[in-house]
Each structure stands twice: as structure tokens, then as C-alpha cells.
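> I'd like to go over a predicted model; first the sequence, then the structure.
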Amino acid sequence: MGSPGSSAVSRVEAFDQSAPSLADEVATIARKQLAPLAPAIDQGEVYPAEVLRRLGEAGAWSSHLPHEGPADLRCAIEAMAAIGEVCGATAFMAWCQNTLVWYVGNSCNLKLAARFGDGFASGRILGGTGLSNPMKTLFGIEKMKLKGRKVEGGYVVRGALPWVSNLGRDHFFGTIFEREDAPGELVMFLADCADPAVTLTPCKPFLAMDGTGTYGVQFRDAFVSDELILADRAAPFVKKIRAGFILLQLGMALGLIKDCVAIMDEVDGPLGHVNRHLPQQPVHFKELFGELERETMALARDPYNQEDSYWRKVVALRLRAGETSVAAAHAAMLHCGARGYQRSHRAQRRLREAYFVAIVTPATKQLRKMLAEP
């Protein structure tokens, strides 16, 4: 991208002034409204729709929208990290919502943007992202699971996706199909969960994250009108949004790592005399957190950068964030000892959530594959 103009400079100044207030407001909502629900969300007893809408009202889903060309993800990531300090499952749903807003904000379909942009960005309409299979397909790991054919006024789509999150009957999500009438051509669209031809099937229980509105989704010759098309040429569109897609995930990792450090600090009084013999100490993770946060904020300023070196930095950062999440949660468990092994203690929840950060698309193995290839 070229040198930033005056509008970009003013946007950076605006970020510096507004980010703390938004992050603080989100943190307050997370502590007061979300924290009491976290165990029930983890166990699949609650899907926190009202909290997600309240966060949207506070501006958590709109700060990263492109403005006159540039986009800045730093504020969105900080807000998501504040959520992640309290509940990893809700931080994941926050990523789903933010990613949906990112898709619409970058679409050239003006009718779609006018119809859904404010609803998604305000949290009035909730939804998610179904790009796990397409992202794996684009990097040679899976085959495309959805197929579509052109008809008058849109497309007819069939196929099934095994896991899509932050869904409900009144939700939407973005995903991709391959055209049957033009093999190799990909189309990205908004799926309407209220469509009778779209079936949501509850998933088998997970190790964690069961309150995230995750379903298997089947399309039975569902009609997708042209007004729901995000990009009729999905490959270049994904290349434009892919850095933002991945960078926004850093909010999940940063929030989780920060709370794992807090857990270790909390037990330093009663257990510090023996915990000092453990090889990994909270100061180690405080340093790692600082490094990850600084690099995240540097890269998040410029999500449209198309340089290969920038893209590889994003992928490498995401890999380190996932691995650090698991390491920090593991250390927190060891520092807590038996008390952390109790179901009532959040250390064991944090460990289970950390594994999700490491395996959600793009997973650790996919990230390593991406870095290994030229």
C-alpha cells in the first residue's frame, strides 16, 4: 500500500483517543454481564446472544470497518482480548461476528452492504463465518464441500459444512461454493439460516466451547439471490480479506494468555515457594504477551498489505499466538496444582480453550504447512 494520507493519519489519532474507552467499556460488560455466564457457556447451557448484542451496541463489532479505503483492526482486537480475558468461547463468537462484519465491509455488493452492514456491525443481527472448509481448500488440504449452479437471479447451492459457529435460526454467515457449471470458479455469499432449505444440526459435545452456537449446516438446493453474493470471484476477495481474517483471531489468544498470567500471579502467595521450581514463570509469559501484542498492533494497522513478506509475518504471528496460548494455559495449570484440576476453577477451562485457539482454522498444522511452502 502507498504512503498514508492525511485521512489515514487522522484515523490513527482517532484510534489512540478512542481505543481505551471502547476496550474499557467492553471489559466492563465482560466482567459484569459475561463473567457470571462463562461456566454455563463453556458447558453448552447458554448461548450469550444478549451479551453479544450489548457488546455490539457498545461498538465492539464496528471499529474495524474500512473508512475511505484504509482499515485498522487494532481497536477490534483490543476489545476482543478484553472479552477473551473472561471467556474464550465468547471471544471466539466475537471473532465470528467481527469476521462477518469484515466480509460485508469489504464486499463490492452495495445492495448487500446497505441491507446488512449496520445490522451486523451493531449486533442487531448476529452471525458467523463458514470459511473453515474453503480456507483449507484454497491451501490444498480439503475439497470444497459446497457446490452451486447459476440460475436466473442467483444460484442454487447444495452440500454440507460440518461446523459453523455463532449461529441460530435468525443468523447469517459467510461462506463459499464452487460453481458446478464453471469448475474452479468460487463464489462467496451470505447464507440465511432462516431459509427452509438450510438445515442446522447440533454438533456432538466438544471438549469446550459448547455454548458457541456451533452447528452442522446442510444446503438442500437452497436458492441464493444475487443480493446475497459477497463476491462473485471469491479467490481475489479472500486474498484481500485473509490477513484481517487471521489477525482478528489474535484477540482470542491475547485475552487468554493475559488471564493465564493472572492465574499464575493469583497463586503466587500460597504456592510461590514451590512454583518457583517450575521451568516457566509468569514473567516469561508477560514478556511473550508483550511481544505478541506489539507485533499484532503493528500488523493490524495495515490489513490490506499484499506484500508476501507481510502475509508471512501474519501467518507466523498466528502460529506463535496459538502455541503460546497452549503453553501459558499449561503453565497456569501446573502453577495451580490440584486446585486448578477442579471443575470449578477456571484454569482447566483455560487449558481446554487454549487447545481450541491452536486448532481453529487456520490450525497449527495448516499454519506450518503455509509457512513451509514458497
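Received, thanks. Please read these numbers as outputs of a predicted model, since none were measured by experiment.
> Next, the contact list for residue 61, please.
When contacts are counted by CB atoms under 8 Å, 6 or more residues apart in numbering, residue 61 touches 55, 76, 94, 97-98, 101, 120-123. C-beta: built from backbone N, CA, C; applies to glycine.
> Going by distance to residue 362, which of those residues wins?
residue 98 (16.5 Å; CB to CB).
> what's around that closest one, how many residues?
27 (other CB atoms under 10 Å).
> Quickly find the element holding it.
According to DSSP states H and E, residue 98 maps onto helix 88-106.
> Tell me who's in contact with residue 251.
76-81, 83-84, 91, 94-95.
> same thing but at 6 Å, please
Applying CB atoms under 6 Å, 6 or more residues apart in numbering to residue 251 gives the contacts 77, 80-81.
> Tell me how many other residues surround residue 239.
By other CB under 10 Å, neighbour count at residue 239 equals 12.
> my guess is it is in a helix, correct?
Yes: note on residue 239: a helix contains this position according to DSSP: H, G, I helix; E, B strand; the rest coil.
> Show me where the stretch 101-250 of the chain has its helices.
Ranges of helices in the stretch 101-250 of the chain, per DSSP state H, counting those that start in this stretch, are 110-122, 132-138, 234-247, 250-266.
> chain center to the helix or strand that residue 284 is a member of, what's the gap?
Assessed by DSSP H and E, residue 284 sits inside helix 282-300. Distance, stretch centre to chain centre, for helix 282-300: 18 Å (CA atoms, centre = their mean, to the nearest Å).
> again with stretch 232-240
That offset, for stretch 232-240, works out to 19 Å (CA atoms, centre = their mean).
> Quick one: mean pLDDT over that stretch.
Mean per-residue pLDDT for stretch 232-240: 96.
> what does stretch 186-193 give?
Here the average pLDDT along stretch 186-193 is 98.
> show me what contacts residue 93?
Residue 93 touches 166, 212, counting by CB under 6 Å, 6+ apart.
> Enumerate the positions of the top helix by length along the chain that are buried.
When the chain is parsed with DSSP state H, its longest helix is helix 308-336. Within helix 308-336, the residues scored as buried using 16 or more other CB atoms under 10 Å are 310-311, 313-315, 317-333, 335-336.
> circling back to that earlier point, how big is the angle separating the helix holding residue 98 from helix 308-336?
Angle, helix 88-106 to helix 308-336, by axes from the mean of the first three to the mean of the last three CA atoms, to 10 degrees: 160 degrees.
> Can I get helix 88-106 in CSV, CA atoms only?
C-alpha atoms of helix 88-106 as CSV (Å, rounded to 0.1, in the frame of the first residue of the first chain):
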residue,chain,number,x,y,z
GLY,A,88,-12.6,-17.8,25.5
ALA,A,89,-15.8,-19.1,24.0
THR,A,90,-17.3,-15.7,23.8
ALA,A,91,-14.1,-14.3,22.4
PHE,A,92,-14.4,-16.8,19.6
MET,A,93,-18.0,-15.7,18.9
ALA,A,94,-16.7,-12.1,18.9
TRP,A,95,-14.3,-13.2,16.2
CYS,A,96,-17.1,-14.8,14.2
GLN,A,97,-19.2,-11.6,14.4
ASN,A,98,-16.2,-9.3,13.6
THR,A,99,-15.3,-11.5,10.7
LEU,A,100,-18.8,-11.4,9.3
VAL,A,101,-18.7,-7.6,9.5
TRP,A,102,-15.3,-7.7,7.8
TYR,A,103,-16.8,-9.6,4.9
VAL,A,104,-19.6,-7.2,4.3
GLY,A,105,-17.4,-4.2,4.8
ASN,A,106,-15.2,-5.4,2.0
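> what pLDDT does residue 15 get?
pLDDT, residue 15: 45.
> go on, residue 2?
Residue-level pLDDT assigned to residue 2 equals 36.
> Now, the contacts of residue 251 that are in helices?
Going by DSSP H, the helices hold 77, 80-81 from the contacts of residue 251.
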